[in-house]
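A.B. asks: mind folding the following:
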Amino acid sequence: MTNTTVALIMAGRRQRRRRWMLITGFLAFLSLMLCCAMLMLGNTIYPVTDVVRALLGEKIKGVSFAVETIRLPRMLAGLFAGFAFGIAGATFQTMLRNPLANPNVLGITSGSSVAAVFCIVILHTSEAIVSISSVIAGLATVALIYVLSRRKTYSTGRLILIGIGIEAMLGAVITYLLMKSAQSDVPAAYRWLAGSLNGAQMEELPPLIISVVVLAPLVIALSKQLSLLELGEQSATTLGVHTDRTRVLLIASTVCMIALATSVTGPIAFVAFLAGPIAKRLVGVGFSTVIPAGLIGVILVLASDLIGQFAFETRFPVGVITGILGAPYLIYLLIRMSRKGEF
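C.D. replies: The predicted structure is shown next:
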């Protein structure tokens, strides 16, 4: 290899690194602006100075209650849940080498949803019990899917097919529970299933925040091994990746974040599905898309929540808006994959 070739390779790598840093920096800035908008906008628009003073503990009539009790928990729920969904979606799509692979399709969020609906419409438990049950059920679902797909050798296709089957089965269970429940309980269950930041409370956020703060860095640290897993089982093993251990760590970390995020916001549609492909298109090849995908998840959740609150006469939950955005992309992706003969 000549010096000229080495120089060209290094120059290309530096260019890709600059692109990654610029895109990631812009996404972080946009996320910050949306966080500020979530705190400022509502039935009453407050100036930045009043919002900052309220956050610093100063008591301002009207502002302190609105910001600390309503808008701050809503913003934090969207911020951390969006980041968790974005990272998880990119991780699953890369690890399974399939753009259709995401926690929603694989039945992970459906497991949490079954437990939440059961607690809401059958047991009539408190929100705390609903959250705990949805987390446990989400983790149990992914453990079941992994065990069923794990035979003598690991198979991505087997895991995806089993996940889709589990998702369909759990969807039927949710429908059955809603049909058998009292009519007065159905609206609360549907609000949860739609995915919403309404009613987010500071008391329920610490587990989600801690999980993202602790587990997201672990997923980011494993991003190099994750990129190698995309090459296939044999190639990754040849390059020194402990595939089983890496896969278990990635699945356990992301599923824990997803389950806790779902317990707070409900299963917000298409965020995990959209974040990875968008990040890949923006960042390009050569560097991990985990952090950009997490930031895109934040942007999708916060922007969709603002659109749902203020763009229409009727206020819509965030999951309705993300569903409207995600459905056309899913159709486009299916058509493109069909044309490429990937089905």
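
A.B. asks: residue 100 contacts residue 333, correct?
C.D. replies: Yes: with contacts counted by Cβ atoms under 8 Å, residue 100 reaches residue 333, the gap being 7.1 Å. C-beta coordinates here come from the backbone N, C-alpha and C atoms, glycine included.

A.B. asks: now residue 93. Nearest residue, chain neighbours left out?
C.D. replies: In space, and not counting its chain neighbours, residue 93 is closest to residue 276: 4.4 Å by Cβ to Cβ, 6 or more residues apart in numbering.

A.B. asks: can you pull the buried residues of the one helix or strand residue 34 maps to?
C.D. replies: According to DSSP states H and E, residue 34 maps onto helix 3-40. Within helix 3-40, the residues that qualify as buried are 20, 23-24, 27-28, 30-31, 34-35, 37-40, counting by 16 or more other Cβ atoms under 10 Å.

A.B. asks: can you check stretch 298-313 too?
C.D. replies: The neighbour-count check on stretch 298-313 (16+ other Cβ under 10 Å) flags 298, 299, 300, 301, 302, 303, 304, 305, 306, 307, 308, 309 as buried.

A.B. asks: now, the most widely separated pair of those residues?
C.D. replies: Greatest spacing in the buried residues of stretch 298-313, by Cβ to Cβ: 298 and 309 (16.7 Å).

A.B. asks: what packs against the host helix or strand of residue 272?
C.D. replies: For residue 272, the host element (DSSP H and E) is helix 271-283. Judged by 3 or more Cβ pairs under 8 Å, 6 or more residues apart in numbering; DSSP states H and E, the packing partners of helix 271-283 are helix 3-40, helix 72-96, helix 290-310, helix 318-339.

A.B. asks: can you tell which of these is closest to residue 192?
C.D. replies: helix 318-339 (9.7 Å).

A.B. asks: in the closest one, what's buried?
C.D. replies: If you call a residue buried by 16+ other Cβ under 10 Å, then helix 318-339 has these buried ones: 318, 319, 320, 321, 322, 323, 325, 326, 330.

A.B. asks: repeat for stretch 138-157
C.D. replies: Buried residues in stretch 138-157, defined by neighbour count with 16+ other Cβ under 10 Å: 138, 139, 141, 142, 145, 146, 149, 156.

A.B. asks: who are the packing partners of the lowest-mean-pLDDT helix or strand in the chain?
C.D. replies: Lowest by mean pLDDT, DSSP states H and E among the helices and strands of the chain is helix 233-238, with a mean of 78. With contacts taken as 3+ Cβ pairs under 8 Å, 6+ apart, helix 233-238 sits against helix 223-229, helix 243-265.

A.B. asks: can you tell me which of these is nearest to residue 131?
C.D. replies: Closest to residue 131 of the helices and strands packed on helix 233-238 is helix 243-265 (Cβ to Cβ; 3.9 Å).

A.B. asks: tell me where this protein is predicted with low confidence.
C.D. replies: Residues of the chain that meet the criterion pLDDT under 70 lie in 1-3, 105-106, 151-156, 337-338, 340-343.

A.B. asks: excluding covalently adjacent residues, which one is nearest to residue 171?
C.D. replies: Excluding the flanking residues, the one nearest residue 171 by Cβ to Cβ, 6+ apart is residue 110, at 6.0 Å.

A.B. asks: please apply the same query to residue 228.
C.D. replies: Leaving aside its chain neighbours, residue 228 sits nearest to residue 236 (4.5 Å; criterion: Cβ to Cβ, 6+ apart).

A.B. asks: burial check on residue 175, number of neighbours?
C.D. replies: When neighbours are counted by other Cβ atoms under 10 Å, residue 175 registers 11.

A.B. asks: so which strand or helix has it?
C.D. replies: For residue 175, the host element (DSSP H and E) is helix 156-180.

A.B. asks: quick one, the following helix or strand past that helix and helix 156-180 angle?
C.D. replies: Next in sequence after helix 156-180, counting helices and strands by DSSP H and E, comes helix 186-194. For helix 186-194 against helix 156-180, the angle by axes from the mean of the first three to the mean of the last three Cα atoms, to 10 degrees is 160 degrees.

A.B. asks: what lies in contact with helix 186-194?
C.D. replies: Helix 186-194 is contacted from outside by 113, 116-117, 120-121, 130, 174, 177-178, 181, 198, 266-267, 317, 319-320, using Cβ atoms under 8 Å, 6 or more residues apart in numbering.

A.B. asks: ok, now stretch 269-279?
C.D. replies: Outside stretch 269-279, the residues that reach it (Cβ under 8 Å, 6+ apart) are 82, 85-90, 92-94, 99-100, 102-105, 195, 258, 289, 292-294, 296-297, 300-301, 319, 322-323, 325-327, 329-330, 333.

A.B. asks: how about stretch 30-37?
C.D. replies: Stretch 30-37 is contacted from outside by 48, 51, 75, 79, 295, 298, 299, 302, 303, 306, using Cβ under 8 Å, 6+ apart.
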